[in-house]
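**Q** Take this sequence and fold it.
(2 chains)
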Amino acid sequence: MIWVYAICDLPDLPLPRRRGLAQAPLAGIPEGGLVAVVTEHTNPPGEPAVDALWAHERVVERLMADRAVLPLRFGTKLPDAAAMRAVLQARAGEFTAMLARVRGRVEVSVRAIGSGSPNGAPEPEPAAPASGREYLLAKLALDQRGERQAAALHEPLAALAVASRRGMPQAAGEVLRASYLLERADLARFRDAVARLQRQLPETAVLCTGPWPAYSFVGEGAIA
Amino acid sequence: MTDSPADKLLAAPIDLDPFARDLRRLDDALTRRVQADPDNVERGLAQLVLTLIELLRQIMERQALRRVEAGGLDQQTVERLGATLMALEARMQELKDVFGLEDEDLNLDLGPLGRLL
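**A** Residues are numbered from 1 along each chain as shown, chains lettered A, B, ... in the order given. Next up is the predicted model:
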């Protein structure tokens, strides 16, 4: 069984000597202008534990240091090298286009959670609506307020990015969950913009992480 | 190059707690099972059924809000829709109280669509 970390360009460039999951040495499976970077295992090595996730992540990031990389989700496995080559062959055009899109770029993730009020106190419960109409209008106003808060953050950040993606909120009070694809050189500028927005929006807690491999910008199509 | 998760914080609020709550939930998701031992089976089943009802209720509410937003509904229809949804929400709250369930117990991970609640 092989565990796949990433699909890269430059198949002739030697792989880093870094080890992958379960301390297995990295191997390349070249096909045309592409190479898949994998480790071989008899037993599947990857329980989704924090250490394993970081081991996978470090391999992908090390590869990003000197080549364009399509990062694969933790847990991508194929039966053998022949199956990997078949995928590379069948989807060469798609992978090459995606590599061009992410080359020299990184992903940054932003999440924002509204704290209700500047001092962190919970918001007062709204009065019980008196009619069906009021109930719906109150819900609508809440929706629109959330969208305004999201846009106040998202729009200036998206303007600094090559591409951006907004996800659906996944936690109570979550205002924004978004990923931005940036030129690596624009990272500092983006971080400054986040800090500025955080000062402007004290009632919203903004968490910005990265730089990540461009996980959110390499298509939805799973390879295995 | 990442050596530890902390290197990945580009900007963070002083209080990380709201985000940490989210991580705990992720933990729960990895270990979560419907509670189906004999003593708990009623509550487990109620949780399952109420989760589905809550999903439907939310879909109806979303749909109603879209229609109100788009305009074109007469006053009476808006009132009737709102009153129905309000009554449903109140009834759900009662049922949650009866079975000792919190909002979070009725949450569903809808994958790319996000979380139900």
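**Q** in the sheet, who's paired with residue A:207?
**A** residue A:111 (DSSP bridges).
**Q** helices or strands up against the lengthiest helix in chain A?
**A** Determined from DSSP state H, the single longest helix within chain A is helix A:132-158. Secondary-structure packing of helix A:132-158 (3 or more Cβ pairs under 8 Å, 6 or more residues apart in numbering or on different chains; DSSP states H and E): strand A:105-114, strand A:163-166, strand A:174-183, helix A:187-200, strand A:204-212, helix B:41-70, helix B:75-99. All C-beta spots, glycine's among them, are computed from the backbone N, C-alpha and C.
**Q** redo that, cut-off 6 Å
**A** When contacts are defined as 3 or more Cβ pairs under 6 Å, 6 or more residues apart in numbering or on different chains; DSSP states H and E, helix A:132-158 sits against strand A:174-183, helix B:41-70, helix B:75-99.
**Q** Output those as a markdown table; include the columns mean pLDDT and distance to residue A:67.
**A** Output for these, formatted as a markdown table (pLDDT from 0 to 100; distance: least, Cβ to Cβ, whole Å):
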| stretch | mean pLDDT | distance to residue A:67 |
| --- | --- | --- |
| strand A:174-183 | 93 | 17 |
| helix B:41-70 | 86 | 44 |
| helix B:75-99 | 91 | 53 |
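**Q** looking at the ones you listed, which is buried most?
**A** Of all the helices and strands packed on helix A:132-158, strand A:174-183 carries the top mean neighbour count, a mean of 21, counting by mean count of other Cβ atoms under 10 Å in any protein chain shown.
**Q** ok, residue A:108 - contacts?
**A** Contacts were defined as Cβ atoms under 6 Å, 6 or more residues apart in numbering or on different chains; by that measure residue A:108 touches A:180, A:182, A:210.
**Q** quick one: which of those residues is nearest to chain B?
**A** Chain B lies nearest to residue A:210 out of the contacts of residue A:108, by Cβ to the nearest Cβ, at 5.7 Å.
**Q** What is the burial count for that closest one?
**A** 20 (other Cβ atoms under 10 Å in any protein chain shown).
**Q** Likewise for residue A:24?
**A** By other Cβ under 10 Å, the residues close to residue A:24 number 16.
**Q** Quick one: residues contacting it.
**A** Counting by Cβ under 6 Å, 6+ apart, the residues that residue A:24 touches are residue A:39.
**Q** again with residue A:212
**A** residue A:107.
**Q** what sits opposite it in the beta ladder?
**A** residue A:107.
**Q** Tell me the spacing between it and residue A:88.
**A** Counting by Cβ to Cβ, to the nearest Å, the gap from residue A:212 to residue A:88 is 23 Å.
**Q** Distance of the residue lying farthest from the centre of chain A relative to residue B:79?
**A** The C-alpha centroid of chain A is most remote from residue A:130, which lies 43.7 Å away (Cα atoms, centre = their mean). Using Cβ to Cβ, residue A:130 is found at 11 Å from residue B:79.
**Q** again with residue B:6
**A** From residue B:6 to residue B:79 the distance is 53 Å (Cβ to Cβ).
**Q** Equivalent analysis for residue A:86, please.
**A** Taken as Cβ to Cβ, the span from residue A:86 to residue B:79 is 60 Å.
**Q** repeat for residue A:219
**A** From residue A:219 to residue B:79 the distance is 46 Å (Cβ to Cβ).
**Q** Same check on residue A:154?
**A** The value you get for residue A:154 to residue B:79, if Cβ to Cβ is used, is 35 Å.
**Q** Could you do residue B:40 as well?
**A** Relative to residue B:79, and taking Cβ to Cβ, residue B:40 is found at 41 Å.
**Q** next one: residue B:87
**A** From residue B:87 across to residue B:79, the span is 12 Å (Cβ to Cβ).
**Q** Spell out which parts of chain A neighbour chain B.
**A** Residues of chain A lying close to chain B (Cβ under 6 Å from any Cβ of the partner chain) are A:61, A:113, A:132-133, A:135-136, A:139-140, A:168-171, A:191, A:194-195, A:205, A:207-210.
**Q** Now a ChimeraX select for only the buried ones of those residues.
**A** Here is the ChimeraX command that selects the buried residues among those (16 or more other Cβ atoms under 10 Å in any protein chain shown):
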select /A:61,113,132,133,135,136,139,169,170,171,191,194,205,207,208,209,210
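**Q** out of everything not next to it in sequence, what's closest to residue A:98?
**A** Among residues not flanking residue A:98 along the chain, residue A:218 sits closest, at 5.1 Å (Cβ to Cβ, 6 or more residues apart in numbering or on different chains).
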